[in-house]
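Undergrad: Below: sequence and its predicted model.
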Amino acid sequence: SDVTKWHGENSAAGILAKIDKKNFRKDFYALDTSAPTKSGGVLAHAVACKGLDIIVSPEVKFEGDGRVAHFENVSFMGKDEKNVDTVDVDVDLVILCTGYKLNFDWIEVEGMDGGIEANPRKWFKHCFPPKLGDKVAFLGYARPAQGGIPQCSELLARYVALLLKEERTLPEDYADQALKEGQAELETFYATPNATSLVEFPPFASSVARLIGCEPSIFDVVSSTPSRFVKFWTLPQWMCFYRLRGPGANPKSCWEAVDTYSILKTMIPMPVLLVFFLYGALMQPLMIIEKLTSVFIDCGLPSSAVLPRYYKWRVGGHFFQLSGNAMRFIDLVGPSHGFLILELILMYTNLVTIVAVVVGVITISFVYALAREKMTEGGNDANQTQESQKLLPDYDTSTSEDYGSVV
């Protein structure tokens, strides 16, 4: 969201918007192809408020005695977008914040040349290395573009626990699945190919939940209260929702955590609600259309063009394209995420059904009680008539009903 007009071009928000628009200009419809960094906001604030100079360049060389930084192909400098071939800057001190490299050479694996390859995209679910899936599992190497490492690790830890308890088994072709899923991730996040731990949170979480058997179901929600239904839709994709069913289920704790938030808090900001509703209502149907027409949309593309699929026609993101999260029939009729219209219908139908059942039970009970009372009265009349016939045989039995009523 570009809020430059609200805060000014030289504000932190304005500077961040300039950098983002500059980098995403060539691929505007694929904003999710690189991982956002939290330090971006810190840098923008430092530039806007503290006078920090910033240079965005693909590479830098240090010349002379190392005190001259030579930048090439500069795209951003100072507080403005730039297109400069080279920039030289005199520096006194260089602090490298380039991150770290994974290295597992210190782990020796008997009978396995090369040891464990330090590439989570070749591990099944960023957790189980090939040939070692039944012996070792890594947690913390699934980092979602939006979401959190602890959330992914919690789901994986639950899956590992089930494997250790022999309540689940790894797929026989888990190594091949890992390669396919890793290739799809590489093609999706092509702007940051070295960030091999990067995943897309919704499909990744859903794929692990399928292995565990704890996918949230709309039937777990529509059978609850309307307020919880709203919160399920408006709150983030918390791990507590993956405790509604399956191994380790604890619906009570889930709803206790959810109920600590009022509906008003979950529906802020209010102006976005209409957009949110339209997105939720249209997302799933458009994703289905996209999936069904993929054969025609992909026509002419090379076999290696897995993702980004459909390029500008990617309304559904990557939910059914990443992490082996293939679309199933149940996703068409009862998806765990999406299809707001269907869920609203089910919720409304559910409420109507409950009311109808209650009214029906009350009505049937009333009719049954009334009929039983009539039958009881009729039985008493018949008995009284028979006794009357014995005592008064001279009376006309055709008037026994009237006679009985008199008695």
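TA: Sure thing, it's come through.
Undergrad: hey, let's count contacts and neighbours off CA atoms from now on
TA: Will do.
Undergrad: wait, is Pro247 part of a strand?
TA: No: with DSSP: H, G, I helix; E, B strand; the rest coil as the criterion, Pro247 is assigned coil and is not in a strand.
Undergrad: does it really touch Gly213, like I thought?
TA: Yes: Pro247 is in contact with Gly213 according to C-alpha atoms under 8 Å; the separation is 7.1 Å.
Undergrad: ranges for the strands of the protein?
TA: For the chain, applying DSSP state E gives strands covering 55-56, 59-63, 68-77, 80-90, 143-144, 198-199.
Undergrad: hey, which of these is tucked in deepest?
TA: With neighbours taken as mean count of other C-alpha atoms under 10 Å, these reach their highest mean count in strand 198-199, at a mean of 28.
Undergrad: Let me see the residues that make contact with that one.
TA: With contact meaning C-alpha atoms under 8 Å, 6 or more residues apart in numbering, strand 198-199 is reached by Ala35, Ala142, Arg143, Pro144, Ala145, Glu185, Phe189.
Undergrad: which residues sit in contact with the closest residue to the second one other than its chain neighbours?
TA: The shortest distance from Ala142 to any residue that is not its chain neighbour, by C-alpha to C-alpha, 6 or more residues apart in numbering, is 5.1 Å, and that residue is Ser197. By C-alpha under 8 Å, 6+ apart, Ser197 lies in contact with Asn119, Pro120, Arg121, His126, Tyr141, Ala142, Arg143.
Undergrad: Can I get these in JSON lines including pLDDT?
TA: Below are these laid out as JSON lines (pLDDT from 0 to 100):
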{"residue": "Asn119", "pLDDT": "93"}
{"residue": "Pro120", "pLDDT": "95"}
{"residue": "Arg121", "pLDDT": "94"}
{"residue": "His126", "pLDDT": "96"}
{"residue": "Tyr141", "pLDDT": "94"}
{"residue": "Ala142", "pLDDT": "94"}
{"residue": "Arg143", "pLDDT": "91"}
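Undergrad: Most neighbours out of the residues you listed, which is it?
TA: Highest neighbour count within the contacts of Ser197, by other C-alpha atoms under 10 Å: His126, with 29 neighbours.
Undergrad: From Gly246, how far off is that residue?
TA: Distance, His126 to Gly246, by C-alpha to C-alpha, to the nearest Å: 22 Å.
Undergrad: before we move on, the earlier item: show only the entries of the contacts of strand 198-199 found in helices.
TA: Judged by DSSP state H, the contacts of strand 198-199 include Glu185 as members of helices.
Undergrad: circling back: return the member of the strands of the chain having the minimum mean pLDDT.
TA: Within the strands of the chain, confidence is poorest for strand 80-90, with a mean of 77 (mean pLDDT).
Undergrad: That one pairs with which strands, and in what direction?
TA: Its sheet considered, strand 80-90 pairs with strand 68-77 (antiparallel) by DSSP bridges.
Undergrad: contacts for the partner strand?
TA: Contacts of strand 68-77 (C-alpha under 8 Å, 6+ apart): 19, 22, 53-63, 81-91.
Undergrad: rerun at 6 Å
TA: For strand 68-77, the external contacting residues (C-alpha atoms under 6 Å, 6 or more residues apart in numbering) are 54-57, 60-62, 82-90.
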